[in-house]
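Trainee: no sequence on this one, just coordinates:
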Ligand SMILES: Cc1ncc(C[n+]2csc(CCOP(=O)(O)OP(=O)(O)O)c2C)c(N)n1
Ligand SMILES: Cc1ncc(C[n+]2csc(CCOP(=O)(O)OP(=O)(O)O)c2C)c(N)n1
Ligand code: SF4
Ligand code: SF4
Ligand SMILES: [Mg+2]
Ligand SMILES: [Mg+2]
């Protein structure tokens, strides 16, 4: 990613605004990953647009020296859809939190997925409402005690990957703030994909939900818990790849590779004709509490909304010629008074 | 369902309001099924509440002689959640259309599913906006020409079953307006389930989208296309059960039973620990255009939201006694002026 | 066919009248909107001035034959400039007992009543709630009743077409239309041509409709059943080419025209809602104009997408009705602080809540003025008639672009669905409302200041993605003057609040002063807005016809008001403000000018009748 | 510790003052809110009257040491009844250069400035944007500057506790608090007790805080570094038991109390938003009261769930701030036409859009009055001070239940987060506001008519699920009078529109008339609402202290207005309306009464200062 021939440096993507997240917040790491990644892309900086909603994560556009909009809570996918549909040549990115995208903005998120508008959605999942000072979110675990759930949350959380796959997403991935290389790889894959892309990024909120992802980031735990899934490869993990995933009768489960033999291990296919196996993988974990898949779950291009629209404009002009306004207003029949 | 010992007759559930759907509309059939079903239930009529949004389907409460609310577009699941959480002893039903529940109301729908509030959602899917006279909906097929898509829709549709499963639904089923017995069976199963339940009902809108479900209702086609799924049974269909479904590597596909042998056929488990196989089944069809599963995809109880809340109230009262208002307002420290 | 004999010929002469209003009424399934529209078209081509008022049934098709299922279409044709579809129809065509029952009260005294007598049998009478048959119980004696067995005659007419079952009777609207064509001497060609075009690919239906139409016409002519026909001469309209447009159509075309005049692509984000949906439907047809319609998942997404499109340099437009507008208000407030151009169309309907979705009302004015949190002033522009929608839409877009602001364009159900003749403009003469995007930095140190304002308009620059060097961020938090950076500075917030306010207030200098419709020495000024233009104006004409003086002002601009409105209001001892609400403009006028105007309120889901206006004015003049 | 020697003792006497305002300012991480709250608590227990004003930084924690990260807490303590936290602090404690920079301008002339001198090193000075060290460049000469090396002293104090690293300096807020406790002779016990309770399970932290507090106190006492201390005698408040409450707390408790007084379970549907979230947090603690809190997916669901709860007989309440209220408006309109009781709490903040989320403003008044489509009047009740929230909340609930209507209860960020002493009511004396659900049919033919109204209140019956024989359907379409069936009848729509309007207007007969605060023969009436009560009242006191006459009215009821408001307004030649907006109540008063009042507007995200009110009044009196 730090290709020396790159047109831009990371600094080109930094703004003069002071970064105002809490010291230690995972958002810093993600910002660095995104800036690094962007610098290495061969895209004109002025063609890049970042749109966000409201939340800590949503400050992101202020720190990216591109065009940007810090919009309102939950609506970024809708606004970004308008941008991408109007100007398909732009590179449109959404930054959103778990509350922003899955609570108030859930509907726009799933509709953006199904329409396959060419927007790349970075969902910073810290399993908490950071900006409003620590209420539980739609990804918080049952029983979580927060300001708004002092006796423990009774809301069963979403699994954002499952939700996106159920909503017809054409690209879904998961990564972790601390793993910059993997984050950048996911960004690249999302960028390369034709259509909407969702990347769930596990992000540590060290103030209101510290160590939520320790199973995946802790020095001791991570090797045992990160299941890196890669297209075309058997799904194995552990320090010596001693664990693996099989899918039996539709459902995925973890096995010791030695017990079943490597040939029984599921080979991940992110481009399968149906998202069913990807969905099965997404059910291996429900939150970062044990072995959890990271990587690209699905990457299956289909017609982008804006291409369909452009095509209709093109066909219609080919058929009927570019619009003739004078003819239009007379099109339903006229008569003349002399 | 027409048990003679029943407390109520279908007439008890009819109101004095003239039913105002277009003649021939599938909504009539569903109304009859629901009224029949309700009459056979051992539940006090006055404890039944029907809530709807806006749309043709949403007129439903006016025709049910129970408590009812014809609310606003898309919001019925939210309102019904308030009802069920406040008064868990009521039997709460939502009637909604594909636009009402999946377009404007998509967010409330998925959140009701994940919270597992005890509401039963009947989604009348006619793949069109009926009330507003025929625009395409989130379940309309790509290419559909309607008033708002005269050159063909470019929106990839949702699969409501997949969406609900991705949203953590604990009960999901599909049925068809014309099949009254099956509809009533699904209603019963939803009623018996502890938690939120979604029944997608394919409903013919003979005015704006006639024959959309002909593959599943036509005399000739239906035998070949209705895949009735039943818990604990192999998934087979066809006039002589000659077709069946296998799940390989996570994905479901249709086979000739004779080619693979009955033992290879997937045995449906609506109560599996993960919804992955149910999801795989939901991907067998994307709309009613060929072999399409109907029946209960998933039926897996878990803690109901309102039970969790009741428990907290109970525990808190057991711990701290019923609230003492005078103590509460003095709880942060007081001082006395003599 | 014995019943025809009950029709008493009364008069053999064509009665020459200046204006006549005809209402077609029947079951929703009876094709009354089609019959009315065809009659209108023929009359337009004949050269009458005209105005229509379609009245739809409740949203859902009720069972045939019931009152809620009644649909009607009224059209007034005249030999002079008219403004409404008429208060009370002179002729009522009733296809069944329910249609009779629902519409009879409106029929003018001694009006002509033409009924499809075949439909007056027991079941239908019961469905409509008649105990006795009104055709025989003498209850219609005050009218000129003409009973026509339309069903039997239609059956007869189409018997060789191959039409079967229900198909046979579907042509009966054309039978009725044929009868009316004879009665008012309308040209045949437009209707026959339309039938050919519409049903060309189904010969049975095509010929059935044609034969029914002719049978209806011939019945009139050959049986001399109606000895007196009406003759309404062509109106002497200004010369030119005309079409008939509904408000929704003219508004949609106005958007296409505004985009061309602005040299911008048009982006329309919307979610279907009565009575605004037809704007979406119309625009969706015009992909060849480069129009992008986006049917969003809800109204919030619709306006959000339009804001996104505006941010990147499209003409972002969103349209809806009251309930949808309520949902959009948070996002509109974002567009306001972003200071992006955006057009928000509100086609009002009866409220509150779902209210009366198919009926007209003007009760969203205070909402569009004040229905946003914080201090959030926006321009409001209002359409007065169907044809006026074209020009007013372009004007609203002009303001949005020039002042970098969302603008609210008000229409209503009456404007949206009714039609009037429109003298087609020469589109090459449309105003140039194009804007220039920022291309250069504007700060002293070579930086780009997205909130550095034009000193005249106070508009900020519009720098769109793709422009190298002008990369910048905008957002909903209060912004620092000039830089647009987030600022929590107290005085800056006040400054920005006042700047946003002054920008909108300043538009008053860029819109025409009010010209009062004559009668400057009148005692009474009638101030109106929106679709009441027709009824108010014709009410005033009636009063003036009595030799009395009344002044009239009809507002296109509601925020800001025209700069001389204060002075104009003070010229007249009495000010009357008729509105289809409980006095919303009246409240604005009171609070803005401390003028003790009189509110005349009607909240019935129906337009004013000119006679209501006339009566109210007379009462004011006499008091 | 040579720096301590720079502190010049000036005066050995305790200065006896009537009121003093102290502001604690530091980095967000410095614990200034805690220090201020503890100081407040001790002062309350000591017996002073007091008022606080917490001022939070921008929403996101900025990097330590920068201006946006500064957090402050101001408290005024007095020996008499006071109403605000004071315009300008007499004493400013600044924990770092940024805190100094952000707050210095407010410090009273010749005020006392206590700085944590350890923090004034190069990096921090640069972060705050100081070129030179203000402690040494003479720029603070006009103040009484006391430099205290708080970090070094705190380190020293806690050295044996086992605290390490960052933990050590975390106690420095208690050091500062100790210093202030000495300076104002505050009792130790409340603070020490609180430290014990709060940190009891972490001995190092507990003892660290205790030792730091004592060290601060001792520094004052033993070094005689501040020779002059201030003595603020206890206030002579009415006898009784007091607590200090913030507005959000009192409002939440008011809801619990209202539910008890109404004998209904409380259902609170909400979505977190600053500054309303603490109501949710507070209520969520009280499951043992049977309180059901429901954190919804968004504001629309929050109000929807509350409407559902109301439909089935709970006290449905929803709370939010401006952006959330905008989203709720469509559903509120539903509740309005359903005529269900519902309380909607709006804690206002700076707008438009996301605006200034942590700052106060009164700019949602016109939105709550008019921000719904259609004709949709609702009662508006407004809170004036933190403690007033309790009673006003109960009153708002009373109206909702008695009139079967949604009611909007207005608060704002200042009320929500600031605190004042509250004489605890005897809850056994709360009014009985219970309602009876319908249990019997009410129609002449034994049917149930859900819209048959009480002739006095015009309220409809509340029949809840579970009641056999009263099954009925309600909905958002216009309803027929009495039956509540869907009705498209024009006259019925008008009737229902007017009935809904009259029902709300009639509440005027059920609320107290205005009693004007003395000075009936004044020339000027000051009319206010909401949190400006404190500053307006103390501004008026200052004017009266000059021997001048001013009358005062502060509104609790904004819609409908008290029935004698018109007459009261006309008693005074001049009316001044100070508001933290651009004149929203002013507009309502003009439009309602045609009274040419003067608007005094401030839109800076900050409350009025009493001196601003005083100055404005003097200007009005002199003109
Ligand atoms: C309409 C509206 N409702 C509520 C809020 C308050 N609010 C701002 S951000 C937020 C949630 C933030 O959580 P998340 O999206 O997870 O972002 P994070 O701060 O954790 O990055 C809420 C509730 C708002 N700004 N607007
Ligand atoms: C806020 C709002 N937006 C739009 C509408 C208009 N509207 C009413 S129903 C409907 C869609 C109906 O489609 P569906 O839910 O599929 O129900 P159906 O009529 O097909 O049964 C729409 C767009 C509305 N009533 N309210
Ligand atoms: S509150 Fe949490 S998410 Fe927000 S900036 Fe601080 S650490 Fe990051
Ligand atoms: S429009 Fe379609 S869905 Fe609606 S009532 Fe008619 S047939 Fe049924
Ligand atoms: Mg979060
Ligand atoms: Mg539908």
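Mentor: Looks like it arrived, so ask away. Model, not experiment: these values are computed from the prediction. Ligands and ions are numbered 1, 2, ... in the order given.

Trainee: retrieve the pLDDT associated with the single nearest residue of the stretch 51-200 of chain A relative to ligand 2.
Mentor: Distance from ligand 2 to each residue of the stretch 51-200 of chain A (Cβ to the nearest ligand atom) is smallest for residue A:107, at 13.0 Å. For glycine as for every other residue, the C-beta is placed from the backbone atoms N, C-alpha and C. pLDDT for residue A:107: 98.

Trainee: repeat that for residue A:1.
Mentor: Each residue has a pLDDT score; the one for residue A:1 is 41.

Trainee: let me see the contact set for residue A:197.
Mentor: Contact analysis of residue A:197 by Cβ atoms under 8 Å, 6 or more residues apart in numbering or on different chains lists A:119, A:120, A:121, A:169, A:170, A:171, A:172, A:173, A:189, A:190, A:191.

Trainee: and of the residues you listed, the nearest to ligand 4?
Mentor: residue A:169 (29.9 Å).

Trainee: for residue A:227, the count of nearby residues, please.
Mentor: Neighbour count for residue A:227, taken as other Cβ atoms under 10 Å in any protein chain shown: 25.

Trainee: so it is in which element?
Mentor: strand A:226-229 (DSSP states H and E).

Trainee: each with direction, which strands does that strand pair with?
Mentor: With DSSP bridges as the test, strand A:226-229 is paired with strand A:292-299 (parallel).

Trainee: low-confidence stretches in the chain?
Mentor: Let's take chain A. By pLDDT under 70, the low-scoring segments of chain A are A:1-5.

Trainee: meant chain C, my bad for not saying
Mentor: Counting by pLDDT under 70, chain C shows low-confidence ranges at C:1-14, C:58-61, C:224-228.

Trainee: enumerate the residues of it near chain B.
Mentor: C:58-64, C:66, C:68-69, C:271-274, C:277, C:280-281, C:284-285, C:287, C:293, C:295, C:297-299, C:323, C:353-354 (Cβ under 8 Å from any Cβ of the partner chain).

Trainee: helices - which of these land there?
Mentor: Taking DSSP state H, the ones among those that sit in helices are C:277, C:280, C:281, C:284, C:299, C:323.

Trainee: nearest spatial neighbour of the fifth one, skipping sequence neighbours?
Mentor: I take that to be residue C:299. Closest residue in space to residue C:299, ignoring its immediate chain neighbours: residue C:324 at 3.9 Å, by Cβ to Cβ, 6 or more residues apart in numbering or on different chains.

Trainee: what's the neighbour count on that neighbour?
Mentor: Residue C:324: 27 surrounding residues under other Cβ under 10 Å.

Trainee: roughly how far apart are it and residue C:556?
Mentor: For residue C:324, the distance to residue C:556 equals 23 Å [Cβ to Cβ, to the nearest Å].

Trainee: picking that back up, closest one of the ones in helices among the residues of chain C next to chain B to residue D:133?
Mentor: residue C:299 (56.2 Å; Cβ to Cβ).

Trainee: which residues are in contact with that closest one?
Mentor: Contacts of residue C:299 (Cβ under 8 Å, 6+ apart): B:104, C:271, C:273, C:318, C:320, C:324, C:325, C:327, C:328.

Trainee: please redo it, this time with the cut-off set to 7 Å
Mentor: Contact partners of residue C:299, counting by Cβ atoms under 7 Å, 6 or more residues apart in numbering or on different chains, are C:271, C:320, C:324, C:327, C:328.

Trainee: ok, and the most crowded of those residues?
Mentor: Neighbour-wise, the contacts of residue C:299 (other Cβ under 10 Å) top out at residue C:271, 31 neighbours.

Trainee: how distant is stretch A:232-247 from the center of its chain?
Mentor: Centroid separation for stretch A:232-247 versus its chain: 24 Å, with Cα atoms, centre = their mean, to the nearest Å.

Trainee: three-state assignment of residue C:526?
Mentor: Using DSSP: H, G, I helix; E, B strand; the rest coil, the structure places residue C:526 in strand.

Trainee: give me the residue from the stretch 201-338 of chain A nearest ligand 3.
Mentor: Residue of the stretch 201-338 of chain A nearest ligand 3, by Cβ to the nearest ligand atom: residue A:205 (3.2 Å).

Trainee: I'd say that residue and residue A:132 touch.
Mentor: No. Shown here, residue A:205 and residue A:132 do not form a contact pair, counting by Cβ atoms under 7 Å, at 11.9 Å.

Trainee: and the contacts of residue A:197, which are buried?
Mentor: By neighbour count, with 16 or more other Cβ atoms under 10 Å in any protein chain shown, the contacts of residue A:197 hold A:119, A:120, A:121, A:169, A:170, A:171, A:172, A:173, A:189, A:190 as buried.

Trainee: the second one and chain C, how far apart?
Mentor: Distance of residue A:120 to chain C, computed by Cβ to the nearest Cβ, to the nearest Å: 15 Å.

Trainee: give me the nearest residue to residue C:191, chain neighbours excluded.
Mentor: Counting by Cβ to Cβ, 6+ apart, residue C:38 is the residue found nearest to residue C:191 once chain neighbours are left out, at 5.1 Å.

Trainee: packing partners of the helix or strand residue A:247 falls within?
Mentor: Residue A:247 is located in strand A:243-248, with elements delineated by DSSP H and E. With contacts taken as 3 or more Cβ pairs under 7 Å, 6 or more residues apart in numbering or on different chains; DSSP states H and E, strand A:243-248 sits against strand A:236-237, strand A:251-256, helix A:257-260, helix A:276-282.

Trainee: out of these, the one nearest residue A:42 is which?
Mentor: It's helix A:276-282; of these, that one is closest to residue A:42 (Cβ to Cβ) at 29.4 Å.
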